[in-house]
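Novice: I need the structure of the sequence given here:
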Amino acid sequence: MGAFRPVALDVQVPQPADPLARFSQVLQAQGEMNRNRYLQQQTQGAELENQQRQIQLEQSRALMDTAKGIDWTQDDAFEKFLSNAQSSGKVNPQTLSAMALQRAQYKEQLAKTDTATLAAEKERANQLQGHIDAVKGITDPTKRAQAAKLRASQILNAGLAKDPQTQQMVQAMASGQFVPSDEQLEGFENGLQDHSTQVDLTLKQQQTATAAQQQQTSATEQQLKQKELAYYNQYGGGPGISAEQQQMTAFVKNPPAGYKPTPTDFLRYKGSIAPLARFQIESGGGGGAGAPGNQVAQRFGMSPTAFDQAAEKYFTTGQLPPLGRGISGVSLNRALMNRAAEIHPEGNLASNEAAFAPTRAHSPSCKATSTR
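Specialist: Numbers count the residues shown, from 1 in each chain. Coordinates of the predicted model:
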């Protein structure tokens, strides 16, 4: 038997799969799934954004429709506007609440604004109104766009746009990206009219308050003048006349004995009574009899002991301190005499002085004095 030979068969032997290729296929599948999911989310996000934008447009349209037919020159125009918007049921209540809060803050800020700033605000609103009138009514699109661009540039250069939303809108107009319709301009015009009305109302309130304050001040001043006139009627004198002038008038009418009814003698008389008044001041209020010794001593810058010793010396010798004959010296001597009498109410100053005279005559100081 011959050897067996295998018959060649046309069979493809399968090769083992490449693990890297398999992983690449999985990644591609996952990437495709993620891409589809992202596109789906993007589509949903765009739809949600479109829905939100549509809601905003509908609410803006509802607010614009509500503003029609309202007289914005009236003080309560904005309150009527909010009431109509709420009654329509087309505006989100949160939006209405936010608008009411902003309105309250706006009126509070106006009340704190000074008169000059309010007048400037009114002028700014008038200028903006002029720019709006220059664009409204232009039907040709090209001419309207040119007019809007020109007026917006003038508004920006003059600094008439204050709040961020207005600035953004005017900037878009100046760059040619936005051309407002007449309806949009009317909405802006209503806001300006309302602002001017509130500014006028605030100015009137401030003027009324100022007038009331001035009236009260005038009444107070009138009362003071009446009291002043009553005083002059009772005691003499008059408004704008000094006390010295009144004294001189009284002196000229009735001069004291020895003086002539002239301004010169009035000055001489006034100079003569000044030392007397000073003496009365220095010798009174603690320098007279009956005042406590420590108070009198303090008045003359002495301690109570030193003051009593000087009084004792006067009582014993009859001699007073050599302080001269001025007003202060006279006042001190008078106080020492009073104090000596208080210490020795039953003493005899004359006998003490007579008894002390021989001793004083034999003292070295007296001998030296007698030899001169």
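
Novice: list the helices and strands the longest helix seen in the chain packs on?
Specialist: For the chain, the longest helix by residue count, based on DSSP state H, is helix 182-235. For helix 182-235, the packing partners by 3 or more C-beta pairs under 8 Å, 6 or more residues apart in numbering; DSSP states H and E come out as helix 19-67, helix 77-88, helix 93-112, helix 115-135. Using the backbone N, CA and C atoms, a C-beta is placed for each residue, glycine as well.

Novice: and the angle for the shortest one with helix 93-112?
Specialist: For the pair helix 77-88 and helix 93-112, the angle between their directions (axes from the mean of the first three to the mean of the last three C-alpha atoms, to 10 degrees) equals 170 degrees.

Novice: for A297, give its distance to L160.
Specialist: 83 Å (C-beta to C-beta, to the nearest Å).

Novice: please apply the same query to T217.
Specialist: For T217 relative to L160 (C-beta to C-beta), the value is 38 Å.

Novice: same question for P141.
Specialist: Distance from P141 to L160, by C-beta to C-beta: 25 Å.

Novice: repeat for Q86
Specialist: In terms of C-beta to C-beta, Q86 sits 32 Å off from L160.

Novice: more neighbours: these two, which one.
Specialist: Using other C-beta atoms under 10 Å, the more surrounded residue of Q86 and L160 is L160, with 17 against 14.

Novice: distance-wise, check the more buried one relative to H131.
Specialist: 8 Å.

Novice: equivalent analysis for A85, please.
Specialist: 28 Å.

Novice: kindly report the same for R124.
Specialist: Taking C-beta to C-beta, one finds R124 at 11 Å from H131.

Novice: tell me the residues that contact both of these two, please.
Specialist: L160 (C-beta atoms under 8 Å, 6 or more residues apart in numbering).

Novice: quick one: low-confidence parts of the stretch 151-300 of the chain?
Specialist: Residue ranges of the stretch 151-300 of the chain with pLDDT under 70: 234-240, 243, 274-293.

Novice: for the residue nearest to the spatial centre of the chain, report the pLDDT, please.
Specialist: Residue closest to the average C-alpha location in the chain (C-alpha atoms, centre = their mean): K112, at 11.5 Å. Per-residue confidence (pLDDT) for K112: 91.

Novice: which ones are touching it?
Specialist: Contacts of K112 (C-beta under 8 Å, 6+ apart): none.

Novice: measure it to Q206 for me?
Specialist: 11 Å.

Novice: then Y269?
Specialist: For Y269 relative to Q206 (C-beta to C-beta), the value is 58 Å.

Novice: if we can go back for a sec, weakest of the helices and strands packed on helix 182-235 in terms of mean pLDDT?
Specialist: For the helices and strands packed on helix 182-235, where the average pLDDT is lowest is helix 19-67, sitting at a mean of 67.

Novice: domain parsing for the protein?
Specialist: 44-211, 253-362 (automatic domain parsing).

Novice: just send those domains back as JSON lines, with distance to Q246 too.
Specialist: Below are these laid out as JSON lines (distance: least, C-beta to C-beta, whole Å):
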{"stretch": "domain 44-211", "distance to Q246": "38"}
{"stretch": "domain 253-362", "distance to Q246": "11"}
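
Novice: now R339: closest residue in space, sequence neighbours ignored.
Specialist: Excluding its sequence neighbours, the residue lying closest to R339 (C-beta to C-beta, 6 or more residues apart in numbering) is A311, at 4.0 Å.

Novice: other SSEs contacting the helix or strand containing the one you found?
Specialist: According to DSSP states H and E, A311 maps onto helix 304-317. With contacts defined as 3+ C-beta pairs under 8 Å, 6+ apart, helix 304-317 has these neighbours: helix 293-299, helix 327-343, helix 349-361.

Novice: how far is the shortest one from where the chain is centred?
Specialist: Taking the mean of its C-alpha atoms, helix 293-299 sits 52 Å from the chain's own mean (C-alpha atoms, centre = their mean, to the nearest Å).

Novice: helices or strands up against that helix?
Specialist: helix 304-317, helix 327-343.

Novice: just name the most buried of the ones you listed.
Specialist: helix 327-343 (a mean of 19; mean count of other C-beta atoms under 10 Å).

Novice: tabulate the CA atom coordinates of stretch 57-76 in CSV.
Specialist: Extracted C-alpha coordinates of stretch 57-76, given in CSV (Å, rounded to 0.1, in the frame of the first residue of the first chain):
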residue,chain,number,x,y,z
LEU,A,57,-40.2,88.5,24.4
GLU,A,58,-43.8,87.8,25.3
GLN,A,59,-43.4,89.5,28.7
SER,A,60,-41.8,92.5,27.0
ARG,A,61,-44.6,92.6,24.5
ALA,A,62,-47.1,92.4,27.4
LEU,A,63,-45.4,95.2,29.2
MET,A,64,-45.3,97.4,26.1
ASP,A,65,-49.0,96.8,25.5
THR,A,66,-49.8,97.6,29.1
ALA,A,67,-47.9,100.9,28.9
LYS,A,68,-50.2,102.0,26.0
GLY,A,69,-53.0,104.4,27.0
ILE,A,70,-51.4,105.5,30.2
ASP,A,71,-50.8,109.2,30.8
TRP,A,72,-47.2,109.3,31.9
THR,A,73,-47.5,113.0,33.0
GLN,A,74,-49.6,111.8,36.0
ASP,A,75,-47.9,111.2,39.3
ASP,A,76,-49.4,107.7,39.7
